[in-house]
Each structure stands twice: as C-alpha cells, then as structure tokens.
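[1] coords below, sequence missing:
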C-alpha cells in the first residue's frame, strides 16, 4: 500500500473510475458541440446564443469543464509522479513536484471559475 | 562469423559501462544465446552473467537480447540475430552489479509486498485442501511464472516507480493468490493494492505480454485485479 495525499481521490480504483467516467462525458460533449456546429442550419451568433440560453446546455458545459479538470488532474498527476521522482532527482524532487502540483491546482481553479463566469455571464 | 556486442561494466575498474565487440564462429549452428555466452566466456573469463538450469525453468538468465527482454537459454540465434549481429545488455531499469548481472532487490521487494503464499486460518484438513478441477483451472497461466523479471523490466511504469508500482510479475502473482479458492485473504490483499501506484500505474501497454518467455499474460491478470477492486468499490 502506497500512501498518497495529492492524488485526486486517494484510492487508485476511485481515480481509475473517475478518469474513465470523465472521458465518456468529454466524448459525449465533444460529439454534442461538433454535431451542433455541423448540423445546425444557419450556424452563427444567434444559434450559438440560443443554444447556451438553455440551462441544461450550461449545466452540461459545466459538467464537461469539471470533467476536463478532473481528467487532467488524474492524468497529469500520473505524469508528474512518474517523471519528477526523488529516486531520480533526490530531495529537490519533492519541492519541484509540489510546486508543479500547486501550479496545476491553481490553473484548475482559475479555469473552473472563469468557465462559470462565461457560462452564466452572457 | 557471428558478431556479438556485449554490455560490459566492472564497477571496481570501469568508470562507465561500455559495449565490447566479440566475434564467434558458430559453424552455421542455430545456437541458443546462452551457448554463445558460454563459448565467449571460455575465451574471456571476465565476462559475467547468471545462468543455472539452461532450459527456461530457473529464470536466471533474463537479459535484453537484441533490444528485447528474454531468457538467453531459450532464445535461438535465428530469432535474436537473424542478420548475424547479436546485442546483449542487462535487464533495463535495475542497477547493474557487473556486466549482464543486475541487482534484483527492487523486483523481489515488490514480490514480497503481495505476500506470495496461501493465507488460510481455518483448521487444516487431515490430508490437503481440495480444489475442484474448475477451481484449479483458474490458476493456469498464473502459476507458471518463473520470476525471471523480463516483464517487469520491460515496463516503463516499473522503470519510473520500481519502489511503488508492483510491476507485472508481482501483480500476476498477486492475482494467482486472489484467484486461488484456498486463499481466504482476498479482502486484505485487495485493500493493500487499492492505491494509485501498486496496480493502477499499469496503463495496459502490454510490453510484459510481448516479452514473457513463458507466454503468460500479466496485463490480463492486472485487468482481473482491477475488476475485483472495482466490484468491491462501486
């Protein structure tokens, strides 16, 4: 048993499941948006703003944004803990890894807030 | 003439590892790689490698043969050096003790973590714990592992985190005991594996399956462990 406190859900099973669920959400959202762009007649500002005037589209968009953040966190946390390790770099890896993780967390919060502002601000 | 290039490193005399070239007359025979090593060692006694049974049972002579991990004793030249050039390196990712001999400590540490023995505290029956043919069949493809480390040292996740990721060999054995009807420690075993590293650093690239000299499939076993963890958790 390896203890971790910066992984998304502490449990590997939890992270594995969330990464897959969020991936499915992202596929669905991508198909939805791309499908809308391709199949809507007279696609333009009008169609776009009418689409996002509906609450369920905003909620779906927010779910997709949160899914992106969760998916990215789990994936990038794996990358960071693969390549920035104390085994390869010594004690400075702890500081570097924590700094990168803090930066990723800051970016995640920034995008979450910004996304909500955009979705509910127009 | 067969051209052989071998990784050489003696920490007592060499500053850095280097590749040494040899030539060997195989007299047109399709020798095993281990035979080549033995013939070369007769010429150059400083050449070091591990070997024991020379028939793919002991798992001592796992090494990187022309870019692919395998057992020297069961890999013929026709497979390893079809163009007459053989390149031998130690198993990747583990510390080199000397030449083709690696320090297997990290590999065994991970094996130890999965508690590779039957755990059953119910009173032992007079003769033995019986299994039905169906229960026994579940161990096929698992018990045959000889712990040669070819799979784990072919796995990038094991290269990056050999102290945290159990690795394909250890996980194949973990499933061997999870699947055993006589073992009663299933829940404790699963609890010990339910972190982001032990099992879940496997990203399913199947390097392990590709190199296993016994034709086993650790990726499938890891999938079974993941399903057991998931079934328990959702």
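    Received, thanks. Keep in mind that what you see is a predicted model, and the values were worked out from it rather than measured. Numbering: from 1, shown residues only, chains lettered A, B, ... in the order given.

[2] Spatially nearest residue to whichever residue of chain A sits closest to chain B (excluding sequence neighbours)?
    Residue of chain A nearest chain B, by C-beta to the nearest C-beta: residue A:12 (3.6 Å). Every residue, glycine included, has its C-beta placed from N, CA and C. Excluding the flanking residues, the one nearest residue A:12 by C-beta to C-beta, 6 or more residues apart in numbering or on different chains is residue B:200, at 3.6 Å.

[3] neighbours around residue B:30, how many?
    Residue B:30 has 10 neighbours, counted by other C-beta atoms under 10 Å in any protein chain shown.

[4] ok now do it, which residues does it touch?
    By C-beta atoms under 8 Å, 6 or more residues apart in numbering or on different chains, the residues touching residue B:30 are B:76-78.

[5] where does chain A come near chain B, residue by residue?
    A:1-4, A:7, A:10-17, A:77-78, A:81-83, A:85, A:87-88 (C-beta under 8 Å from any C-beta of the partner chain).

[6] In PyMOL, how would I select just the buried ones from the residues you listed?
    This is how PyMOL selects the buried members of the residues of chain A next to chain B, with burial counted by 16 or more other C-beta atoms under 10 Å in any protein chain shown:
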select buried, chain A and resi 2+4+7+11+12+13+14+15+16+17+77+78+81+82+85
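
[7] what's the single longest helix in chain B?
    Criterion DSSP state H: the longest helix present in chain B is helix B:218-233.

[8] That one packs against which elements?
    Helices and strands touching helix B:218-233, by 3 or more C-beta pairs under 8 Å, 6 or more residues apart in numbering or on different chains; DSSP states H and E, are helix A:12-39, helix B:167-178, helix B:186-193, helix B:207-211.

[9] Let's have the ones you listed in TSV, adding mean pLDDT and distance to residue B:148.
    Output for the helices and strands packed on helix B:218-233, formatted as TSV (pLDDT from 0 to 100; distance: least, C-beta to C-beta, whole Å):
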stretch	mean pLDDT	distance to residue B:148
helix A:12-39	97	27
helix B:167-178	98	8
helix B:186-193	97	23
helix B:207-211	98	10
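
[10] Can you tell me which of the ones you listed is most buried?
    Greatest average neighbour count among the helices and strands packed on helix B:218-233 goes to helix B:167-178 (a mean of 26), per mean count of other C-beta atoms under 10 Å in any protein chain shown.

[11] quick one: that one to chain centroid distance?
    Computed by C-alpha atoms, centre = their mean, to the nearest Å, the chain-centroid distance of helix B:167-178 equals 12 Å.

[12] check contacts around residue 89.
    By default, I'm working from chain A. Counting by C-beta under 8 Å, 6+ apart, residue A:89 touches residue A:96.

[13] Let me rephrase: I mean chain B.
    B:6-7, B:63-64, B:100.

[14] TSV for the helices and strands packed on helix B:218-233, including distance to residue A:51?
    Output for the helices and strands packed on helix B:218-233, formatted as TSV (distance: least, C-beta to C-beta, whole Å):
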stretch	distance to residue A:51
helix A:12-39	6
helix B:167-178	47
helix B:186-193	45
helix B:207-211	45
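
[15] Any idea what residue B:101 is bridged to?
    Under the criterion DSSP bridges, residue B:101 forms beta bridges with residue B:98.

[16] re the thing from before, look up how far residue A:108 lies from the residue nearest to residue A:12.
    Per C-beta to C-beta, to the nearest Å, residue B:200 is found 21 Å from residue A:108.

[17] who has more neighbours, the two?
    More crowded of residue B:200 and residue A:108, by other C-beta under 10 Å: residue B:200, with 26 against 17.

[18] these two touch, right, the more buried one and residue A:15?
    Yes. Counting by C-beta atoms under 8 Å, residue B:200 touches residue A:15, with 6.7 Å between them.

[19] where exactly do the strands run in chain A?
    Assigned strands in chain A: none (criterion: DSSP state E).

[20] And what about the residue of chain B at minimum distance from chain A, helix, strand or coil?
    Scanning chain B for the residue nearest chain A gives residue B:200, at 3.6 Å (criterion: C-beta to the nearest C-beta). What DSSP: H, G, I helix; E, B strand; the rest coil gives for residue B:200 is coil.

[21] which bits of chain B sit near chain A?
    B:157, B:160-164, B:191-201, B:226, B:229-230, B:232-234.

[22] buried subset of those?
    B:157, B:160-162, B:164, B:192-201, B:226, B:229.

[23] Could you list the buried residues of the helix or strand encompassing residue B:6?
    Here residue B:6 sits within strand B:2-8, counting by DSSP states H and E. By neighbour count on 16+ other C-beta under 10 Å, the buried set for strand B:2-8 is B:2, B:4, B:6-8.

[24] Output those residues in JSON lines; the columns should cover pLDDT.
    Formatted as JSON lines, the buried residues of strand B:2-8 follow (pLDDT from 0 to 100):
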{"residue": "B:2", "pLDDT": "96"}
{"residue": "B:4", "pLDDT": "97"}
{"residue": "B:6", "pLDDT": "98"}
{"residue": "B:7", "pLDDT": "98"}
{"residue": "B:8", "pLDDT": "98"}
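
[25] Nearest to residue B:170 among those?
    For the buried residues of strand B:2-8, the minimum distance to residue B:170 (C-beta to C-beta) is 25.5 Å, reached by residue B:7.

[26] Quick check: closest non-adjacent residue to the closest one.
    Counting by C-beta to C-beta, 6+ apart, residue B:7 lies nearest to residue B:89, which is 4.3 Å off, once chain neighbours are set aside.
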